[in-house]
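Q: here's my sequence, what's the structure:
(2 chains)
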Amino acid sequence: MVARAIRGQATTKKATDSGWSDLLAAAQGGDGEAYRAFLEAILPFARAIARRHLRSEEQVEDAVQDSLLTLHRVRHTYEPGRPVEPWLAAIVRRRAIDLARRSGRIGARELFDEAAFETFADPQANRQEAAEAADSVAHMLEELTPKQREALELVKLKEMSLAEASAVSGQSVGSLKVNVHRAIQRLRRGLSRDAGG
Amino acid sequence: MTDRRTEALGAALAERARPVTPLPPPLRRAMLTLVPLGAAGAVLVLIAGDVPGMMRRYSGREALMAVEMGAMAATALLAVIGAFALSVPGGSRRWLIAPMPLFVVWIGASGLGCWRDFGRLGPGGWESGHSPNCLLFILAASLPIGGVMLWRLSRARPIDPLPVALLGGLGAAALAALLLQFFHPFGLTAIDLGVHFAAVALVVALVAFLRRQTLAPA
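A: As a prediction, the model looks like this:
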């Protein structure tokens, strides 16, 4: 298979790009093993590019995951035989810049409150209004956008990792985080509205 | 530092490695878009165009006509090739400025023609000649041209759709303005010229505004 042959090659930069080129071309043909080897091999390069634009390692990892999803969607735009690095670097750079801008916007407008997830420690204390609350929550869930509802369901209810949820839903890791955060905020606003009313 | 979730995502994507057909090179895709559009435009001119009227309008200044229409065609050509080059990851951002010198030549040549007409027409050179028709023509012609262009560009699912939309919009508007030349047997007033460029700007802005809906960015 292409993947095994490439692994045996020398690791100079030229050989690396040529190896990546062969793997990606094989992946375009539907070779899953070559695709897996390619996606593994590019990770250090992708992380290095993302680090040029992002400060925290968590954001770097988010950008790399977003880049893998984007790469998967646009893998038909790679022209076999051409260098892979400029093509790949452009994808990672774009996603890192998008993430940095999004974080900047969210940081400027929204606060994250860890304490918002707390409830009464004693389950008996919550029992009396449980049925009423269930109706209320169901109603509030209907007010979420489809993407917010999907993100909340996959990440919080099904407890999937962001990467898994991203692969299932097609939403980027960054979008999932934003949608979960906004969904919780919206639910919280609904709860305080109910409590007030 | 590595993250096992990233490796897991790679593995999950590899499991979905369906075969895909690589896109042809951008230049080839641009030509495959421009040639049918050019052929359709030529047929339209042959059927309904007013070539003798255009030649009368440029009578005695054929060189200006060649420069103006050449600059329009070259602006459209470079803008369309640039849009296709930027629609795939790694396309040089220099394509954004590539059509600009020719766009300036186009404006200059049109302005010169207008100035000469102004000398001939006197104060009438400031009146609105056929501006509303020109505006409608450029907008109406840009619609199918821009539609075909966006559809072809969307095949690449551009990761940064704004520059692609700006160049695609400029290409479509320049082609529409070039087509207008063959249906425009009267001299331009300053207002007409302004309306021509306002129409071009409107098409570029509209395409840029609708980029997310039309270009299917990844």
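
Q: tell me where chain B is predicted with low confidence.
A: For chain B, applying pLDDT under 70 flags the ranges B:1-3, B:116-131, B:185-189.

Q: walk me through the domains of chain A.
A: In terms of domains, chain A is parsed into A:2-109, A:114-196 (source: automatic domain parsing).

Q: lowest-confidence stretch among those domains?
A: Lowest mean pLDDT within these: domain A:114-196, a mean of 74.

Q: re the thing from before, adding mean neighbour count and distance to chain B, write the domains of chain A out as CSV.
A: For the C-beta atoms, the positions are set from N, CA and C on the backbone; glycine is no exception. Formatted as CSV, the domains of chain A follow (neighbours: other Cβ atoms under 10 Å in any protein chain shown; distance: least, Cβ to the nearest Cβ, whole Å):
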stretch, mean neighbour count, distance to chain B
domain A:2-109, 19, 4
domain A:114-196, 15, 4
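
Q: tabulate the ones you listed (TSV), appending distance to B:Cys114.
A: Formatted as TSV, the domains of chain A follow (distance: least, Cβ to Cβ, whole Å):
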stretch	distance to B:Cys114
domain A:2-109	42
domain A:114-196	49
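
Q: what sits against the closest residue to A:Val74 other than its chain neighbours?
A: Nearest residue to A:Val74, sequence neighbours excluded (Cβ to Cβ, 6 or more residues apart in numbering or on different chains): B:Ala218, at 4.9 Å. By Cβ atoms under 8 Å, 6 or more residues apart in numbering or on different chains, the contact list for B:Ala218 reads A:Thr70, A:Arg73, A:Val74, B:Arg157, B:Pro158, B:Ile159.

Q: redo these as a markdown table? Include distance to A:Pro146.
A: Shown next, in a markdown table, are the contacts of B:Ala218 (distance: Cβ to Cβ, whole Å):
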| residue | distance to A:Pro146 |
| --- | --- |
| A:Thr70 | 22 |
| A:Arg73 | 20 |
| A:Val74 | 24 |
| B:Arg157 | 21 |
| B:Pro158 | 25 |
| B:Ile159 | 24 |
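
Q: from the residues you listed, which ones fall inside helices?
A: Secondary structure from DSSP state H places A:Thr70, A:Arg73 of the contacts of B:Ala218 in helices.

Q: and the contacts of B:Ala218, which is closest to B:Leu86?
A: B:Pro158 (7.0 Å; Cβ to Cβ).

Q: just give me the closest of the contacts of B:Ala218 to B:Ala73.
A: Out of these, the member with the shortest distance to B:Ala73 (by Cβ to Cβ) is B:Pro158, at 24.7 Å.

Q: pretty sure the closest one sits against B:Phe84.
A: No: with contact defined as Cβ atoms under 8 Å, B:Pro158 does not reach B:Phe84; the gap is 9.9 Å.

Q: higher neighbour count, those two?
A: Using other Cβ atoms under 10 Å in any protein chain shown as the criterion, B:Pro158 and B:Phe84 rank with B:Phe84 on top: 33 against 28.

Q: I'd like to know which elements whichever strand or helix holds the more buried one is packed against.
A: In this assignment (DSSP states H and E), B:Phe84 forms part of helix B:62-86. Applying 3 or more Cβ pairs under 8 Å, 6 or more residues apart in numbering or on different chains; DSSP states H and E, one finds that helix B:62-86 contacts helix B:26-48, helix B:100-121, helix B:131-154, helix B:161-181.

Q: A:Glu61 is nearest to which of those?
A: helix B:161-181 (25.3 Å).

Q: what is the neighbour count of B:Met55?
A: For B:Met55, the count of nearby residues is 12 (other Cβ under 10 Å).

Q: now it, what's its secondary structure?
A: helix (DSSP: H, G, I helix; E, B strand; the rest coil).

Q: which residues sit in contact with the residue nearest to the spatial centre of chain A?
A: The centroid of chain A falls nearest to A:Val173 when counting by Cα atoms, centre = their mean (1.5 Å). Applying Cβ under 8 Å, 6+ apart, we find A:Val173 in contact with A:Asp62, A:Gln65, A:Asp66, A:Leu69, A:Leu162, A:Ala163, A:Ser166.

Q: make it 6 Å
A: By Cβ atoms under 6 Å, 6 or more residues apart in numbering or on different chains, A:Val173 lies in contact with A:Asp62, A:Gln65, A:Asp66, A:Leu162, A:Ser166.

Q: burial check on the nearest residue to A:Arg94 once chain neighbours are set aside, number of neighbours?
A: Sequence neighbours aside, B:Ile159 is the residue nearest to A:Arg94 in space, at 4.7 Å (criterion: Cβ to Cβ, 6+ apart). Burial measure for B:Ile159: 25 neighbouring residues, criterion other Cβ under 10 Å.
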